[in-house]
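> just need the structure, nothing else, for what follows:
(one chain, ligands or ions: 1)
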Amino acid sequence: MACFTLHGIPVSSGIAIGRAHLLAPAALDVKHYLIPDEQVEAEVQRLQNAFAVVHRELQTIWNELPKDSPAELGAFIDVHVLILSDPMIAEVPLDIIRSRHYNAEWALVTQIEELSAQFDEIEDAYLRARKGDIQQVGERVLKILTGSADTLARVGNSEEPIGSLIVVAHDISPADMLQFKDRAFGGFITDLGGPNSHTAIVARSLDIPAAVGMDNASTLIEQDDVVIIDGDVGVVIVDPPPKVLEQYRERQARLVRDRKKLGKLRKMPAVTRDGVEVALLANIELPEDCGPAMDAGAIGVGLFRSEFLFMGRTGQVNRLPTEDEQFESYRAAVLAMKGRPVTIRTLDIGADKPLDHAEQTALNPALGLRAIRYCLTEPQMFLAQLRAILRASAFGPVKLLIPMLAHAFEIDQSLAMIEQAKAQLREADIKFDPLIQVGAMIEIPAAALTLPMFVKRLDFLSIGTNDLIQYTLAIDRADHEVAHLYDPLHPAVLYLLSHTIAAADKAGVPVAVCGEMAGDTKLTRLLLGMGLREFSMHPAQLLPVKQEVLNSDLSLIAPVARKILRATEPQAIVEAVEQLRAL
Ligand SMILES: C=C(OP(=O)(O)O)C(=O)O
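Below you'll find the model as predicted:
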């Protein structure tokens, strides 16, 4: 077969080379036949049995989640359990069997197609994309009904060497992604998916090269084709000529060698060639993530996304974690970091991180009642979280970070609630750090443009570039249809960033970046040149960023960074960023 190249969205970096393993795309293509009257109840029972098997399967996956799995995985599996238990899936197909006498597969597919069509009508891109979750659950049940073995598990158990197969699928569920771990899979390609889809997030956390949104890769690529994935640029090369294959093998081997070398930097302080110290911290979602953070040499946690303790609580008696449950998690992180500071962000719920999908009705959830706005309307819940964080501060250095602030009164109300929580603890004779530092996420352009209001009231700032870019450029960060407009190098974004860093510096208030930009080695020098000295990122990025810091010389970087900040033409900015990287 002739070589061809496909382009998609890069979601997880690195090079993967292997044989294509196609996952059947047409699981929803099933036999249709009518059931005679006397067999209808047996057919209903057959479908119920399949539901029960899938419930057990999901439960097993959940119970066997490796300790070091990404925190989001449990939440993804919970979503599938929730879908499976929803009457729209658990009951309507049974009614279809009884009323229309369809066979179980046909009844289930009829209902999934009906629900999928309803999802297509939804305006919110995030919710619309959840159609994929319903289809994945449906396919799981169909596999049981039709007796088709789980292809992933079958291949995963084979004797193939680790990393030798590339999964090619129309779409793939996060739960199935789990089976990549320590199995033969080296990378994956899907027709669907955006940069922030659940599966993309899991791929990044598992460190598997991946490209998504490839449109019709699963029909163009054939079983056992030799495939290269360049996860840095989202390019897939099918049946490459020997010379290209050799070049990519060399690049892959170089990457492996580089990674090994990076391990040696673990204990080294992050200092530039001209002696400027830089603080590199980790972003975590759950206390368990502190292990990888410590392993990568993080000097603290710059962002503990506490909302992950509140999400994925399907089937639990309490919809929200209690104060004690939260306290246990915060304390576990504080103890795991062994005296290094832990910055705990209060509940940043809403938009792409809803507490409950069913309850999310706002037309523009990213602009709605989310994060601190929501917390201030739920004082009892917020006070419980604040008390839990304060209690953890008795066990090691803790900082408190408030998301989505834009107004002075929101800062004042938040500070007043922190004082109230402290008073309640004092009254109950419970220990906490009375001097706990309180900071704000700078992620709304209005906040970046009114810094004096923030630095006057708060101890530190942390720039959330993910949301800052979303709100500055007015694009939904989770919507793949506008992913091409998500530009960290847009002059407006660079202006807000450099202005925030400079203004905080002038006021003597520490400032960090905790969005994805902090972990992007292509931008490390630019951020250093803007004056940034504190970076917080996914633990996997810590050592590559440290290497970049160690190789940087600020006296050379600063003039180019100034040139970038003066530039107004995108091309000039891109070229100057390249120039910075070559210094
Ligand atoms: C770090 C950030 O927060 P989130 O958890 O929303 O990505 C950000 O917005 O940059």
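
> least confident secondary structure element in this structure?
helix 151-156 (a mean of 45; mean pLDDT, DSSP states H and E).

> the very next helix or strand once past that one pairs with which strands, and in what direction?
Next helix or strand after helix 151-156 toward the C-terminus (DSSP states H and E): strand 165-169. Note on strand 165-169: by DSSP bridges, its sheet partners are strand 15-22 (parallel), strand 185-190 (parallel).

> so which of these is nearest the ligand?
Evaluated over the strands paired with strand 165-169, closeness to the ligand peaks at strand 185-190, with 22.6 Å, by CB to the nearest ligand atom. Every C-beta, even on glycine, is put in place using the N, C-alpha and C of the backbone.

> and this protein, what are its domains?
The record's domain parsing of the chain by automatic domain parsing lists 4-24+150-242, 37-146, 270-582.

> and V30, which of these is closest to it?
Among the domains of the chain, the nearest to V30 by CB to CB is domain 37-146 (3.9 Å).

> that closest one and the ligand in contact?
No: shown here: domain 37-146 not in contact with the ligand (CB under 6 Å from any ligand atom), separated by at least 11.4 Å.

> any idea of the mean pLDDT in that domain?
Domain 37-146 comes out with an average pLDDT of 83.

> for that domain, measure first residue to last.
Length of domain 37-146, first residue to last, CA to CA, to the nearest Å: 22 Å.

> give me the distance from it to the chain's centre.
24 Å (CA atoms, centre = their mean, to the nearest Å).

> can you check stretch 386-396 too?
26 Å.

> so what's G339 closest to, chain neighbours aside?
Using CB to CB, 6 or more residues apart in numbering and skipping the chain neighbours, the partner closest in space to G339 is G396 (5.9 Å).

> what about D348, which helix or strand?
Using DSSP H and E, no helix or strand contains D348.

> let me see the contact set for the closest residue in space to L47 that isn't next to it in sequence.
Distances taken as CB to CB, 6+ apart place A104 nearest to L47, at 4.0 Å, with adjacent residues excluded. Applying CB atoms under 8 Å, 6 or more residues apart in numbering, one finds that A104 lies in contact with E43, V44, R46, L47, A50, P93, I97, L145.

> you'd agree the last one is up against E43?
No: contact between L145 and E43 fails when scored by CB atoms under 8 Å: they sit 10.3 Å apart.

> am I right that P10 is in a strand?
Yes: checked against DSSP: H, G, I helix; E, B strand; the rest coil, P10 lies within a strand.

> one step back: pLDDT value on the residue nearest to G339, please?
On the pLDDT scale, G396 is placed at 98.

> just put the domains of the chain in a markdown table and tack on distance to V30.
Shown next, in a markdown table, are these (distance: least, CB to CB, whole Å):
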| stretch | distance to V30 |
| --- | --- |
| domain 4-24+150-242 | 12 |
| domain 37-146 | 4 |
| domain 270-582 | 27 |
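
> buried set for stretch 470-481?
Q470, Y471, T472, L473, I475, D476, R477, A478, D479, H480 (16 or more other CB atoms under 10 Å).

> what helix or strand is L6 located in?
Assigned by DSSP H and E, L6 falls within strand 4-7.

> now L355: how far from I344?
Noted for L355: a distance of 18 Å to I344, by CB to CB, to the nearest Å.

> show me what from this structure comes close to the ligand.
Counting by CB under 6 Å from any ligand atom, the residues of the chain near the ligand are L303, R305, D348, E443, G464, T465, N466, D467, C514, G515.

> most neighbours, which of the residues you listed?
Within these, most neighbours by other CB atoms under 10 Å means C514, with 29 neighbours.

> please look at that one and H538 and confirm they touch.
No: with contact defined as CB under 8 Å, C514 does not count as touching H538 (10.4 Å).

> which residues are in contact with both of the two?
In terms of CB under 8 Å, 6+ apart, C514 and H538 are both contacted by the residues N283.

> what is the mean pLDDT for stretch 274-289?
Mean predicted confidence for stretch 274-289 is 93.

> residues of it that come out buried?
Those would be 276, 278-289, for stretch 274-289 by 16+ other CB under 10 Å.

> so how far is it from its chain's centroid?
Taking CA atoms, centre = their mean, one finds stretch 274-289 lying 17 Å from the centre of the chain it belongs to.

> now do the contacts for P488.
T465, I469, M517, D520, L523.

> any idea how far V509 is from the ligand?
As judged by CB to the nearest ligand atom, to the nearest Å, V509 and the ligand stand 18 Å apart.

> excluding its backbone neighbours, what's nearest that residue?
Excluding the flanking residues, the one nearest V509 by CB to CB, 6+ apart is V455, at 4.5 Å.

> could you do H21 as well?
L165 (4.6 Å).

> unless I'm mixing things up, that neighbour is touching G18, no?
Yes: with contact defined as CB under 8 Å, L165 reaches G18; the gap is 5.0 Å.

> now do the shared contacts for the two.
Common neighbours of L165 and G18 (CB under 8 Å, 6+ apart) are G186.

> coming back round to it: mind listing what the residue nearest to G339 touches?
Residues counted as contacts of G396 (CB under 8 Å, 6+ apart) are V334, L335, M337, K338, G339, R340, V342.

> what's the helix or strand containing the first one in contact with?
Okay, so that is V334. Using DSSP H and E, V334 falls within helix 323-336. Applying CB under 8 Å, 6+ apart, the contact partners of helix 323-336 are 284, 286-287, 290-291, 294, 301, 304, 306, 309, 318, 321, 342, 344, 384-385, 387-389, 391-393, 395-398.

> ok, then the element right after that helix?
Using DSSP H and E, the helix or strand that follows helix 323-336 in sequence is strand 342-345.

> packing partners for that next one?
If you count contacts as 3 or more CB pairs under 8 Å, 6 or more residues apart in numbering; DSSP states H and E, strand 342-345 packs onto strand 301-305, helix 323-336, helix 379-392, strand 398-402.

> the nearest residue to G187 once chain neighbours are set aside: neighbour count?
Nearest non-adjacent residue to G187, counting by CB to CB, 6+ apart: A16, 2.9 Å away. Look at A16: counted by other CB under 10 Å, it has 27 neighbours.

> ok, A16 touching V168?
No: using CB under 8 Å, A16 makes no contact with V168, being 11.6 Å away.

> now for the two: what residues contact both?
Residues touching both A16 and V168 (CB under 8 Å, 6+ apart) are V227.

> where does the most far-flung residue of the chain relative to its centre sit: helix, strand or coil?
When distances are taken from the C-alpha mean of the chain, E38 lies farthest, 49.8 Å away, according to CA atoms, centre = their mean. E38 falls in the helix class when you classify it by three-state DSSP.

> now do the same contact list for it.
With CB under 8 Å, 6+ apart, E38 has no contacts at all.

> check the gap between it and A107 for me.
In this view, E38 and A107 are 17 Å apart by CB to CB.

> now swap in M530 and tell me
59 Å.

> of those two, which one has the most company?
Counted by other CB under 10 Å, M530 and A107 do not tie: A107 has more neighbours, with 26 against 23.

> just the helices in the stretch 401-550 of the chain please.
Taking DSSP state H, counting those that start in this stretch as the criterion, the stretch 401-550 of the chain carries its helices at 408-427, 445-448, 451-457, 465-473, 491-507, 524-529, 542-550.

> the fifth one: how far from the chain's middle?
So that's helix 491-507. Helix 491-507 sits 26 Å away from the centroid of its parent chain (CA atoms, centre = their mean).

> pull out the buried positions in that helix.
Of the residues in helix 491-507, P491, V493, L494, L496, L497, S498, T500, I501, A503, A504, D505 count as buried by neighbour count, 16+ other CB under 10 Å.
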